[in-house]
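Asker: The following block contains a protein sequence and its predicted model.
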2 protein chains.
Amino acid sequence: MLEVTLLGTGGMLPLKNRWLTSCLLSCQGHSILVDCGEGTQIALKNTNCKMKPIDLICITHFHADHISGLPGFLLSMGNEGREEPVTIAGPKGIESIVKSICVIAPNLPFELKFEELSDHTKLKSHQLEVTSFRVEHSVECLGYTFDLRRKGRFNAEKAKALNLPVSTWSVLQREGCICYGNQLYTYEAVSDGMQDGVKVTYCTDSRPVKNIVKYASNSDLFICEGLYYEPDKIRRAKKTGHMLYSEATELAKQSNVKQLWLTHYSPAVTEPEEGLDIAKAVFEHTECGYDGKHIDLLFKNQ
Amino acid sequence: MLEVTLLGTGGMLPLKNRWLTSCLLSCQGHSILVDCGEGTQIALKNTNCKMKPIDLICITHFHADHISGLPGFLLSMGNEGREEPVTIAGPKGIESIVKSICVIAPNLPFELKFEELSDHTKLKSHQLEVTSFRVEHSVECLGYTFDLRRKGRFNAEKAKALNLPVSTWSVLQREGCICYGNQLYTYEAVSDGMQDGVKVTYCTDSRPVKNIVKYASNSDLFICEGLYYEPDKIRRAKKTGHMLYSEATELAKQSNVKQLWLTHYSPAVTEPEEGLDIAKAVFEHTECGYDGKHIDLLFKNQ
């Protein structure tokens, strides 16, 4: 199961009643935070989510509304007892930017590691496979896919055909491989191939470029910015490297995703739901994200 | 009149219902912000105060809970149309620290100026005279006094004695000086000397050292940290360079201030008012600060 929680859904400015856009993904006791604007640590406290299990923080880009909360967030993780290393991943320059803003957060009780990402960089965070992809904003900006893979079913016939004794089967299932009779056997050799997993794609801030469709394809959940919904805001969206609801829904349709959550609303959009009808006309399975919106994504046939 | 508003009253961590400690002082259309932790820009939006008229930001020290909101705050000032320079004052190193954390806030539409302060540095911000003074924390930390001076009353007899014609009087009152008959006359020469003004002293984070008494003396309002109220927290307060309510009230008594507002409560202090009786036993005119607490300090006989 992959748990997804929107911590905030606001773009540009933190508001009284809307935290800046960020998202937490949790799976088997480990979490990934995506973006950390001013106030994200409070937004997280408003949910049932925990700070301490966050092993990876993925930053989309270096605009303040996506990263300015990081020093306080890391200090609070330390106060909550985090001691294991935390990895911060983001576009080129991530290490120098984070070190610069964290000059006011010295002596953290855990190590910071850095991963510099570009288009199609993959990294693994426990059960989740993370892939970054380039989007189109006013500065270098990344989208992310999060894949929770599901192993194929164990096939006893295949194990028997390889003359593997029953005593080795549970080890193979648990460890993924075994050395028997001086030969290495992998779990893949005794299973029916991968089953459908769970896939989440996250994209903000960007114009609606083709690369997003490529990476979002067949996602169970596509979280995408919709800065405005009024059609007459298109010029402003183009100028600032953002997109309208209708552009996000078109991407969702082309990507064949199961559902779309809109986020990163302009402070001028006080009632995001007012634009929902327009959005659903293009892609029916669209929902407006809101602070604290949560879903548990399960494997099929689970 | 000097308007004082507590924007936040929390120490260390921003909480769901308590912003980090900061304060706004406003006088004749110009404002000074003291400290700017994570979320201060939202705390300000929760009051009737405005962001744009802030000409001076005084930072007490470089712990994240007092400065981490600065990049977002400055960006929002720009969004609100600020174009005039903003001065940021604080302990030694202020310019390099601010430039470091503001790497995510480039291209501000106004100039940043810096004032490096130490013990007894004075600066002027429109009608207010600001004086920094050294306090005792785990890092270099400053307290501030804010003096709104009041000119002496115009004394016509003195003007007549100097043979200044009536036509020069209003100019002298308005401009503070005049050149007449090839000689410079100042307003002081035709007035009865300074009248009592209004004085506010601000102190957090610190142990209760004598220098605070010296600078807070005879303040109309003394805003001082009280991290804890339970007497058994004294060891922790000493270790971390903070003070208890009872120590703040003792300073207030010794300084002969008119009133004391407590602030910068520990996240563990969920009901600051519960410690108020202990505080008032030492200094009667003690009040618990809270987010949004406001006072208009008037001149005497106004």
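Answerer: Everything's here; your move. Residues are numbered from 1 along each chain as shown, chains lettered A, B, ... in the order given.
Asker: just for the stretch 151-300 of chain A, where's the confidence low?
Answerer: Counting by pLDDT under 70, the stretch 151-300 of chain A shows no low-confidence range.
Asker: Taking it, what residue is nearest to chain B?
Answerer: residue A:267 (9.1 Å; CB to the nearest CB). Any C-beta I mention is one placed from the backbone N, CA and C, and that applies to glycine too.
Asker: helix/strand/coil for that residue?
Answerer: For residue A:267, the assignment made with DSSP: H, G, I helix; E, B strand; the rest coil gives coil.
Asker: show me where chain A has helices.
Answerer: Shown for chain A, the helices assigned by DSSP state H span residues A:40-45, A:64-67, A:70-79, A:94-101, A:156-161, A:166-175, A:210-216, A:234-240, A:245-255, A:276-282.
Asker: Skipping its backbone neighbours, what lies nearest the residue of the stretch 151-300 of chain A closest to chain B in space?
Answerer: Nearest residue to residue A:267, sequence neighbours excluded (CB to CB, 6 or more residues apart in numbering or on different chains): residue A:13, at 5.0 Å.
Asker: Kindly report the domain assignment for chain A.
Answerer: As recorded under automatic domain parsing, the domains making up chain A are A:2-150+A:196-297, A:152-193.
Asker: Let me have these in JSON lines, extended by mean neighbour count.
Answerer: Below are the domains of chain A laid out as JSON lines (neighbours: other CB atoms under 10 Å in any protein chain shown):
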{"stretch": "domain A:2-150+A:196-297", "mean neighbour count": "20"}
{"stretch": "domain A:152-193", "mean neighbour count": "13"}
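Asker: Could you dump those domains into a markdown table with distance to residue B:148 added?
Answerer: Rendered in a markdown table, the data for the domains of chain A read as follows (distance: least, CB to CB, whole Å):
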| stretch | distance to residue B:148 |
| --- | --- |
| domain A:2-150+A:196-297 | 31 |
| domain A:152-193 | 73 |
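Asker: hang on, isn't the residue nearest to residue A:267 packed against residue A:68?
Answerer: No - applying CB atoms under 8 Å, one finds residue A:13 not in contact with residue A:68, separated by 11.2 Å.
Asker: who touches both of those two?
Answerer: Both residue A:13 and residue A:68 are in contact with residue B:72, where contact means CB atoms under 8 Å, 6 or more residues apart in numbering or on different chains.
Asker: Excluding sequence neighbours, find me the nearest residue to residue A:126.
Answerer: Leaving out its chain neighbours, the residue that sits closest to residue A:126 by CB to CB, 6+ apart is residue A:30, at 4.2 Å.
Asker: Could you pick out the residues of chain A near chain B for me?
Answerer: A:12-16, A:37-39, A:41-42, A:45-46, A:62-65, A:67-69, A:71-72, A:75-76, A:79, A:97, A:100-101, A:103-105 (CB under 8 Å from any CB of the partner chain).
Asker: Centre of the chain to stretch A:20-38, how far?
Answerer: For stretch A:20-38, the distance between its averaged C-alpha position and the chain's averaged C-alpha position is 7 Å (CA atoms, centre = their mean, to the nearest Å).
Asker: An error on my part: the question was meant for stretch A:157-177.
Answerer: With CA atoms, centre = their mean as the basis, the mean position of stretch A:157-177 lies at 34 Å from the chain mean.
Asker: And it, end to end?
Answerer: Stretch A:157-177 has an end-to-end distance of 17 Å (criterion: CA to CA, to the nearest Å).
Asker: what residues does that stretch touch?
Answerer: Residues external to stretch A:157-177 that are found in contact with it (CB under 8 Å, 6+ apart): A:154, A:156, A:178, A:180, A:184-187, A:189-191.
Asker: right, and the pair among those with maximum separation?
Answerer: When CB to CB is used, the two most widely separated members of those are A:156 and A:184, lying 19.8 Å apart.
Asker: Now do the same contact list for the residue nearest to residue A:126.
Answerer: Residue A:30 makes contacts with A:53, A:55, A:125-128, as judged by CB under 8 Å, 6+ apart.
Asker: So which residues of the stretch 1-150 of chain A form strands?
Answerer: Secondary structure of the stretch 1-150 of chain A by DSSP state E, counting those that start in this stretch: the strands cover A:2-8, A:22-27, A:30-34, A:54-58, A:86-90, A:112-116, A:121-125, A:128-134, A:142-150.
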